[in-house]
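K.L.:
Turn this into a structure:
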Amino acid sequence: MKLARRLAPLALCAALMPLAAMAQTKIKLTLNWKYEGPQAWFFVAQDKGYFKAEGLDVEIDQGEGSAAGVPKVAAGTYTAGFGDMNALIELAARRPADAPVAVFMLYNNPPFTVAVKADSPIKTPKDFEGRTLGGPANDGALKLFPTFAKVAGIDAAKVDITNMAPNLREQMLVRGQVEGVFGYITTIRFAAKGVGIDPDKDLRFVNFGDYGLDLYSNTLFFSRKFVAEHPEAVKGFLSAVNKAVKDVLKDPDMGVAAVLKREPLLKAPLEKEKLLYTLKRDMSHPELARLGLGDVDDARLKRSIDLVVQASSLPATPAVDQVFDHRFLPPRAERPSKLVPGGAD
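P.N.:
All right, here's what the predicted structure looks like:
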């Protein structure tokens with residue numbers, strides 16, 4: 001009888017364990033691109049149990065371009081995405097009830113560019129006219145080209161656009177099959193290095209941000225339905241990611257190792273270099289010191305929304321709070337103010 005009494009609590013715990021596992025909220029996340037160094041924090045949060053500690057069961061899939069995740073989350077295929085804010089703005093203007101909502105900004109500097117060969121006669125946006133440019137269909141920079149053309153004062157109708165598979169972008173440029181390629185500057189630089197092209201010697205970049213397009217870029221976003229039904233899960237997800245970002249800042253090699261667990265064929269030195277460059281180039285806008293990682297400046301975002309709406313002749317102008325929800329951010333004191341690996345916040 002005494003043995004039975006001692007075993008009863010153990011049996012109860014065993015019975016409750018599957019229920020606890022079932023209680024975890026499932027989140028299916030689509031990334032911006034194939035697994036790579038600058039996504040390290042998502043995998044660190046998963047491997048170190050930060051998601052699990054927040055009651056979350058998170059599945060992470062590779063992406064197909066920064067603009068591609070927005071319609072996937074809108075359709076319900078994914079719960080959350082990491083991708084282009086401007087694609088989200090466009091969908092919010094066209095189908096506000098379906099559009100996801102951004103909750104944590106990561107790429108606060110505009111990374112959009114057109115890369116040309118170093119000896120190309122293309123030196124400014126005006127030189128695009130009469131030329132053939134190309135990019136993957138879901139590339140964020142290519143999607144923004146009509147907006148950029150209006151801001152930069154060029155006639156987009158005079159530019160021939162061709163699409164190609166992402167893995168052919170740099171080769172087609174070097175072979176002269178196109179005269180310039182759209183993309184994120186970090187993506188192009190490191191894809192070029194991967195195929196033996198020196199981006200500092202062999203390429204030149206016409207950056208959108210240098211010609212008046214000071215837009216936000218890749219952000220974390222969730223389906224509107226999920227935000228309404230599971231606000232604590234969204235808050236927990238961001239807390240886990242923020243914690244993992246700080247871990248990666250302390251130990252970038254650990255972050256890269258987490259990426260290589262998913263894709264062993266990647267080269268660790270190149271992925272680390274890509275991660276560090278992304279932190280410096282794409283994620284360190286001057287407003288970071290004031291706002292902390294994850295937040296946006298509402299006035300700047302409003303200007304971005306107006307630019308995208310006007311340039312693309314969209315049917316409505318979304319309000320800032322329609323496209324970005326500040327409520328789920330970790331406390332300001334917990335979010336990094338500068339992104340210096342190994343340095344103090």
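K.L.:
Dig out what the most centrally placed residue in the chain forms beta bridges with.
P.N.:
Centroid check for the chain by CA atoms, centre = their mean gives Asn218 as the closest residue, at 3.4 Å. Counting by DSSP bridges, Asn218 is bridged to Asp84.
K.L.:
shouldn't it be in contact with Ala67?
P.N.:
No. Counting by CB atoms under 8 Å, Asn218 does not reach Ala67; the two are 10.1 Å apart. Heads up, the C-betas are built off the backbone N, CA and C, glycines and all.
K.L.:
anything in contact with each of the two?
P.N.:
Common neighbours of Asn218 and Ala67 (criterion: CB atoms under 8 Å, 6 or more residues apart in numbering): 83-84, 140.
K.L.:
Among those residues, which one lies nearest to Ala40?
P.N.:
Gly83 (17.1 Å; CB to CB).
K.L.:
what number of residues lie near the residue nearest to the closest one when sequence neighbours are not counted?
P.N.:
Leaving aside its sequence neighbours, Gly83 sits nearest to Gly69 (CB to CB, 6 or more residues apart in numbering; 3.9 Å). Applying other CB atoms under 10 Å, we find 30 residues neighbouring Gly69.
K.L.:
OK, contacts around Gly69?
P.N.:
30-32, 63, 78, 81-83, 221.
K.L.:
would a markdown table of the residues you listed with secondary structure and distance to Ile305 be doable?
P.N.:
Putting the contacts of Gly69 into a markdown table (DSSP: H, G, I helix; E, B strand; the rest coil; distance: CB to CB, whole Å) gives the following:
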| residue | secondary structure | distance to Ile305 |
| --- | --- | --- |
| Thr30 | strand | 23 |
| Leu31 | coil | 24 |
| Asn32 | coil | 21 |
| Gly63 | coil | 23 |
| Tyr78 | coil | 23 |
| Gly81 | strand | 19 |
| Phe82 | strand | 20 |
| Gly83 | strand | 17 |
| Phe221 | strand | 15 |
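K.L.:
Throw those residues into JSON lines and include pLDDT, distance to Phe42 and neighbour count, thanks.
P.N.:
Compiled in JSON lines, these are given as follows (pLDDT from 0 to 100; distance: CB to CB, whole Å; neighbours: other CB atoms under 10 Å):
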{"residue": "Thr30", "pLDDT": "98", "distance to Phe42": "11", "neighbour count": "22"}
{"residue": "Leu31", "pLDDT": "98", "distance to Phe42": "7", "neighbour count": "23"}
{"residue": "Asn32", "pLDDT": "96", "distance to Phe42": "11", "neighbour count": "28"}
{"residue": "Gly63", "pLDDT": "96", "distance to Phe42": "11", "neighbour count": "23"}
{"residue": "Tyr78", "pLDDT": "98", "distance to Phe42": "13", "neighbour count": "25"}
{"residue": "Gly81", "pLDDT": "98", "distance to Phe42": "12", "neighbour count": "32"}
{"residue": "Phe82", "pLDDT": "98", "distance to Phe42": "8", "neighbour count": "23"}
{"residue": "Gly83", "pLDDT": "97", "distance to Phe42": "13", "neighbour count": "32"}
{"residue": "Phe221", "pLDDT": "98", "distance to Phe42": "14", "neighbour count": "29"}
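K.L.:
would you turn those residues into TSV with distance to Thr147?
P.N.:
What follows is these, written out as TSV (distance: CB to CB, whole Å):
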residue	distance to Thr147
Thr30	24
Leu31	24
Asn32	19
Gly63	22
Tyr78	25
Gly81	21
Phe82	21
Gly83	17
Phe221	19
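K.L.:
For Ile305, see how far away the residue nearest to Gly83 is.
P.N.:
19 Å (CB to CB, to the nearest Å).
K.L.:
Check the gap between the closest residue in space to Lys126 that isn't next to it in sequence and Asp98 for me.
P.N.:
Computed as CB to CB, 6+ apart, the closest residue to Lys126 that is not its neighbour in sequence is Ile154, at 5.6 Å. Distance from Ile154 to Asp98, counting by CB to CB: 32 Å.
K.L.:
ok, now Gly37?
P.N.:
Distance, Gly37 to Asp98, by CB to CB: 32 Å.
K.L.:
Neighbour count for the two, which is higher?
P.N.:
Gly37 (28 against 17).
K.L.:
Can you report phi and psi for that one?
P.N.:
Main-chain torsions, Gly37, degrees, to the nearest 10: phi -50, psi -50.
K.L.:
Could you chop the protein up by domain?
P.N.:
Domain segmentation of the chain under automatic domain parsing yields 2-109+216-334, 112-211.
K.L.:
Let's see stretch 213-230 as PDB, backbone CA atoms only.
P.N.:
The C-alpha coordinates for stretch 213-230 follow below in PDB (Å, rounded to 0.1, in the frame of the first residue of the first chain):
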ATOM      1  CA  LEU A 213      14.900  55.600 -50.500                       C
ATOM      2  CA  ASP A 214      15.600  55.400 -46.800                       C
ATOM      3  CA  LEU A 215      13.300  52.400 -46.200                       C
ATOM      4  CA  TYR A 216      13.100  49.800 -43.600                       C
ATOM      5  CA  SER A 217      13.800  46.300 -44.800                       C
ATOM      6  CA  ASN A 218      13.500  42.800 -43.200                       C
ATOM      7  CA  THR A 219      11.300  42.500 -40.200                       C
ATOM      8  CA  LEU A 220       9.600  39.800 -38.200                       C
ATOM      9  CA  PHE A 221       5.900  39.600 -38.900                       C
ATOM     10  CA  PHE A 222       3.000  37.500 -37.800                       C
ATOM     11  CA  SER A 223      -0.400  36.700 -39.200                       C
ATOM     12  CA  ARG A 224      -3.000  39.200 -38.000                       C
ATOM     13  CA  LYS A 225      -5.200  36.300 -36.700                       C
ATOM     14  CA  PHE A 226      -2.400  34.800 -34.700                       C
ATOM     15  CA  VAL A 227      -1.500  38.200 -33.100                       C
ATOM     16  CA  ALA A 228      -5.200  38.600 -32.000                       C
ATOM     17  CA  GLU A 229      -5.500  35.000 -30.700                       C
ATOM     18  CA  HIS A 230      -2.000  34.500 -29.200                       C
END
